[in-house]
Structures are given as structure tokens and as C-alpha cells.
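with the input below, show me the fold.
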Amino acid sequence: MFSFFSYGQFGIIKGTLLNRYTNESIINTEVTLILNDSITKITKTDSEGFFTITQINPHKYKVKVLVNNYNEVFKKKIIVEDVRTCYLFLKLEPIKVFNEN
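Numbers count the residues shown, from 1 in each chain. Next comes the predicted model:
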């Protein structure tokens, strides 16, 4: 008789944060993974704007990025599957500052 066990497999999200207009890397910025309106993981971008979130259970997630001087990014329907890597290339738009002169 054989027994079969199902071992949980995880997915990965890898991505980059760039300035929409200059393509400069946005470094040391939190990337938040959300499932059912609850934060599940938080990571930060490295010195080149790259980030990786590992050991993610398969599901449909949201990703939120909030950083000073840029508009918030909120991506929905990020599908993470078993043993697969999902790639996100996010371009953030700088907040326009108007002079009152």
C-alpha cells in the first residue's frame, strides 16, 4: 500500500519599483502583501529597487506601495500559484508639487 502526502508548495513575487518618468530605482521602500484586507508580509526594496517576497501560499493577493513624494500604488488580483514566480514591475508617479507664487 502506498501513501501519498501533499506537501504545501509556495509561490514567490519578485519585482522592481521605478520612478515612472526617470526610471530611477526607488530604494528602501516597503512593499506590502495583503490577503483579505489583512497584511500577510512586508518586504523592502534593495539598493537597486528590487524586492522579493517568498513563501507565499497560493491565493489572490493585493500589493500596496506607499512612499513619500509618490502616489500610492495599490495592485489588485495578484495571483500566486504553487512553485511559480510572479513578476511585478511597478512604476510610481511622483506627486506634483505646485509653487504658490
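
so where's the protein uncertain?
Across the chain, residues meeting the criterion (pLDDT under 70) sit at 1-8, 97-101.

and with 90 instead?
Applying pLDDT under 90 to the chain picks out residues 1-9, 82-84, 96-101.

my guess is residue 72 contacts residue 90, does it?
No - judged on C-beta atoms under 8 Å, residue 72 makes no contact with residue 90 at a distance of 11.2 Å. All C-beta atoms are positioned from the backbone trio N, CA, C, and that covers glycine.

intersection of neighbour lists for those two?
Residues touching both residue 72 and residue 90 (C-beta atoms under 8 Å, 6 or more residues apart in numbering) are residue 65.

next up, phi/psi of residue 24, please.
phi -70, psi 150 (degrees, to the nearest 10).

which residue packs closest to it, ignoring adjacent ones?
Excluding its sequence neighbours, the residue lying closest to residue 24 (C-beta to C-beta, 6 or more residues apart in numbering) is residue 18, at 6.7 Å.
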